[in-house]
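Engineer: coordinates only, sequence not included:
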């Protein structure tokens, strides 16, 4: 019988796009229930740092990556 762990592919972190991310991008990436979750994070100042371009909310991929790393470090503590 083959070792089960050898048949399971290791999850590689996917590279973030080089463009600025939209709230819909975050919903898709983190499998969130809705865009409203992203806006709640923004109101509570708990999510990744975002900025406005006119009336549109955008996120720098580097800021999202830094936020994810801080969440991982916080969970490990």
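Structural biologist: Here it is on my side, so go on. In this text the structure is predicted, and so the values were computed from the model without any measurement. Residues are numbered from 1 along each chain as shown.

Engineer: Need the contact partners of the longest helix belonging to the chain.
Structural biologist: The longest helix of the chain (DSSP state H) is helix 61-76. The contact list for helix 61-76 (C-beta atoms under 8 Å, 6 or more residues apart in numbering) reads 16-21, 26, 29, 47-50. C-betas here are computed from N, CA, C, even on glycine.

Engineer: Same question for stretch 19-27.
Structural biologist: For stretch 19-27, contacts defined as C-beta under 8 Å, 6+ apart pick out 17, 29, 32, 34-35, 37-39, 47-48, 53, 56-61, 64.

Engineer: Test for you: state the pLDDT assigned to the nearest residue to residue 35 once chain neighbours are set aside.
Structural biologist: Taking C-beta to C-beta, 6 or more residues apart in numbering, and ignoring the residues beside it in sequence, residue 35 has residue 23 as its nearest neighbour in space, at 4.7 Å. pLDDT, the model's per-residue confidence, is 97 for residue 23.

Engineer: swap in residue 11?
Structural biologist: pLDDT for residue 11: 50.

Engineer: same thing with residue 61?
Structural biologist: Note on residue 61: pLDDT of 95.
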